[in-house]
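Participant: what would the 3D arrangement of this be:
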Amino acid sequence: MPRRLVSAEALQYTIADDDPLPAGMAWWAVLRARVIDELTLAPPRTPIRLTSNLVAATPRVGDGGYCGLVARPRDVAHALLTPGALAAAVEAPGFLPRDLTPAVDAARRALNTAAAAGDPALDVLPPDGLPPQFRPGRGVLVARPAPAGADEFNAVAASASPPPPGQVPLADPVGAPHALNTRVAGVPLVLPDQHLHRAGPVRLRGRAQRRTGPTSIVPALGAQIGIAGIWLAYPHTQTQAPVAPDFCAIAPGLRFPHPVGAPIQRGTFNAAGAPRGLRQFAPAGARAIVVAPNLGLNPAGGDLLRLGDPLASEDEIVVSAGFDAVGDPNAPVTLRLTAPTAHLHRAPGVVRDIAPAALVAAGAVARETLPGDRVLFAAGIGALPTASMLAVEHGAARAAYYHATQYPSHSGGAFFHQLPLDAEGRFVSPPLARVAQLRVIASHPLHPAQQLDVALDYGGDNVLAIVFS
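Facilitator: Here you go, the predicted model:
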């Protein structure tokens, strides 16, 4: 190949311009994801923005909801291979931000058996699945052998027949031995479809009336209205059956991405001890508050405090993450919080210590969540009182406390949690979110019951007119 000599100060370099670039130094897609609206199961119609903590990687956004990062694998090998080292998030106007980091961590693999130098394939666990990480032509990173060595970059080889589960055929043999459980990453790390949640809830407003004659209609006082089923996405066929409405409205919005299976408890949360004072204004989203006195507060955190008036609509229970201890028990301290405040709180204001009492099991989180969600899914949660206080992950690092309101429901021929109707027959539901369509049953003692399937419009008003004839 043609070569040339380059002088740089006292050094001379021989450069072969036509030599192929090492694969690990070329630009590759290193992260790939597709985001969709969880209600339409289609890409959002608003622009997508992907962010990450990798200075050496560049975000890319394409059509159809696809997005990802491009970089040279050698520059980002540590982040691709190490749990928690690659943090990424996706945003779109009208939707809640979604943290991609858990999905990134789940996409990594590890060696199921040790790899010897010269091996033509890797045995990884868990086996490749959907979406596939190791299609032919994609890259493979294997973590460096301890205590020395380099991360090994390879490519997935094509094979005449599908390889056995867990086997990753390589374009080049393994260069150095690697021990059992050595971390392995596909290049790119391919994530499952990431569902975006609508940022704002909606309400169902309506009016129940009954016809008393050919030209007369009156408010349907005494009518009962209940949700008998829900669709989590807009139905694509008329034969899709609804699922049980096992969800409730919560306030404030979820503070953490509580995992499926996280325990839910119901109980009372009573004020304890002397009131404290909020010494400085705290905007919504504050990560710390200034309170005094500090007597009785734990500098290490874990205290439960109520901000705001419990008779108002903007009180909330927050959890302390600790403060810098001071010698004066009456001095104000800056109390860090485990999650941002949901509401604005003005000073001076009253802060009360809270003592949970009589907590009983109320189920478990049944559907993945994002911070800011205004509903909580759990099997049988509709059996709770119409209004209650819930603790999710009580006693854990992500403990959070919510006001829960049940939706009007219809089950087994009976109605529960009924909405009040005013003198004109009007009603308003609690905030609704993460549901595309409702099956509503309406009943009045003097008329046959009605079934209505209501598709919710998250961009406008949702008005339901019920007329009993």
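Participant: any idea how far the residue nearest to Phe281 when sequence neighbours are not counted is from Arg336?
Facilitator: Nearest non-adjacent residue to Phe281, counting by Cβ to Cβ, 6 or more residues apart in numbering: Ala347, 5.1 Å away. Yep, even glycine has a C-beta here, placed from its N, CA and C like the rest. Between Ala347 and Arg336 the distance, using Cβ to Cβ, to the nearest Å, works out to 18 Å.
Participant: residues in contact with the residue nearest to Phe281?
Facilitator: By Cβ atoms under 8 Å, 6 or more residues apart in numbering, the contact set of Ala347 is 277-282, 290.
Participant: nearest to Asn53, of those?
Facilitator: Within these, proximity to Asn53 (Cβ to Cβ) peaks at Ala282, which comes in at 28.2 Å.
Participant: so where's the longest helix in this structure?
Facilitator: Longest helix of the chain, by residue count under DSSP state H: helix 73-81.
Participant: A helix includes Arg144, no?
Facilitator: No: assessed with DSSP: H, G, I helix; E, B strand; the rest coil, Arg144 is coil; it does not lie in a helix.
Participant: thought it was touching Ala150?
Facilitator: Yes: the criterion here is Cβ atoms under 8 Å, and Arg144 meets it with Ala150 at 5.4 Å.
Participant: ok, which stretches of the chain are helices?
Facilitator: 73-81, 101-107.
Participant: so which of those helices gets nearest Gly267?
Facilitator: Among the helices of the chain, the nearest to Gly267 by Cβ to Cβ is helix 101-107 (29.1 Å).
Participant: just the CA trace of the closest one, in CSV.
Facilitator: Only the C-alpha atoms of helix 101-107 are listed here, as CSV (Å, rounded to 0.1, in the frame of the first residue of the first chain):
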residue,chain,number,x,y,z
THR,A,101,-31.1,3.6,31.8
PRO,A,102,-33.0,0.6,33.2
ALA,A,103,-33.6,-0.7,29.7
VAL,A,104,-30.0,-0.1,28.8
ASP,A,105,-28.9,-2.2,31.8
ALA,A,106,-31.3,-5.0,30.9
ALA,A,107,-29.9,-5.1,27.3
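Participant: for that helix, give the mean pLDDT please.
Facilitator: Across helix 101-107, the average pLDDT comes to 96.
Participant: which strands or helices does that helix pack on?
Facilitator: Here helix 101-107 touches strand 88-91, strand 189-190, going by 3 or more Cβ pairs under 8 Å, 6 or more residues apart in numbering; DSSP states H and E.
Participant: tell me which of the ones you listed is the most buried.
Facilitator: Across these, averaging neighbours per residue (mean count of other Cβ atoms under 10 Å) puts strand 189-190 on top, at a mean of 24.
Participant: give the pairing partners of that strand; include direction for each.
Facilitator: Using DSSP bridges, the strands paired with strand 189-190 are strand 28-37 (parallel).
Participant: ok, and what's touching the strand it pairs with?
Facilitator: 42-44, 48, 50, 52, 57, 60, 64-73, 76, 80, 86, 88, 90, 92, 95, 98, 100, 103-104, 139, 187-191, 193-196, 198.
Participant: try stretch 98-107
Facilitator: Here stretch 98-107 has contacts from 31, 33, 35, 83-84, 86-91, 133, 185-186, 189-192, 194-197, 257, 370, using Cβ under 8 Å, 6+ apart.
Participant: how far is it from where the chain is centred?
Facilitator: On the basis of Cα atoms, centre = their mean, to the nearest Å, stretch 98-107 sits 10 Å off its chain's mean C-alpha point.
Participant: burial count for Glu38?
Facilitator: 20 (other Cβ atoms under 10 Å).
Participant: could you measure from it over to Leu344?
Facilitator: In terms of Cβ to Cβ, Glu38 sits 30 Å off from Leu344.
Participant: what of Gly68?
Facilitator: For Gly68, the distance to Leu344 - Cβ to Cβ - is 38 Å.
Participant: those two: who's more crowded?
Facilitator: Gly68 (24 against 13).
Participant: without its sequence neighbours, what residue ends up closest to that one?
Facilitator: Setting aside the residues directly before and after it, Gly68 is nearest to Arg32 in space (Cβ to Cβ, 6+ apart), at 4.2 Å.
Participant: who is that neighbour paired with across the strands?
Facilitator: Beta-bridge partners recorded for Arg32 (DSSP bridges): Gly68, Val190.
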